[in-house]
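>>> turn this into a structure:
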Amino acid sequence: MPKKNTTTPKQFKIPLLSMEDYNEILNTDLFELLGLEKLPAKEKSQIAEKLGDIIMSRVLIRIDEQLEANDIAALKSILEKDDKGVFYDFLEEKNIDLPKIVTQEAMNLKAELASFVLMKNKAQ
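Residues are numbered from 1 along each chain as shown. Coordinates of the predicted model:
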């Protein structure tokens, strides 16, 4: 069964970093990495919500890339009904590992954001 090949409208390229830099990114709080640890909790919450939206958009793109056209139509219908159980059953039926994709996309976003900060700090 051929997979639909799509690309995101804007591909982000992560600058090459050392393994030490990646380990730091993985093991450090995002707000600390970005120098935002002193932000009020309300602002952190708002940022976290926006980052969550970005991650979910990327997750849906990844899911879309793994589905055929008729499955995409079925998925849209499921999403419109907002039935989580049916959604998870659908993904399982299609052998799509949602927790894995969410984790990968969250770490990708964290690495992208942090890499820009690390590169900026190294340039100073």
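>>> what average pLDDT does stretch 89-107 get?
Taken as a whole, stretch 89-107 carries a mean pLDDT of 92.
>>> residues in contact with it: which ones?
Stretch 89-107 is contacted by residues 26, 55, 58-59, 62-63, 66-67, 71, 74-75, 78, 88 when judged by C-beta atoms under 8 Å, 6 or more residues apart in numbering. Bear in mind the C-beta positions are built from the backbone N, C-alpha and C, glycine included.
>>> repeat that for stretch 31-51.
Outside stretch 31-51, the residues within contact range by C-beta under 8 Å, 6+ apart are 24, 25, 29, 30, 109, 110, 113, 114, 117, 118.
>>> now the element after the helix or strand where residue 90 lies, going C-ward?
Per DSSP states H and E, residue 90 falls inside helix 84-93. Proceeding C-terminally, helix 84-93 gives way to helix 98-123 as the next helix or strand, assigned by DSSP H and E.
>>> could I get the buried residue list for that next one?
101, 102, 105, 106, 109, 110, 111, 113, 114, 115, 118 (16 or more other C-beta atoms under 10 Å).
>>> pipe the residues you listed into a markdown table and attach distance to residue 84 per row.
As requested, those are exported to a markdown table (distance: C-beta to C-beta, whole Å):
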| residue | distance to residue 84 |
| --- | --- |
| 101 | 16 |
| 102 | 14 |
| 105 | 19 |
| 106 | 19 |
| 109 | 23 |
| 110 | 25 |
| 111 | 28 |
| 113 | 28 |
| 114 | 31 |
| 115 | 33 |
| 118 | 37 |
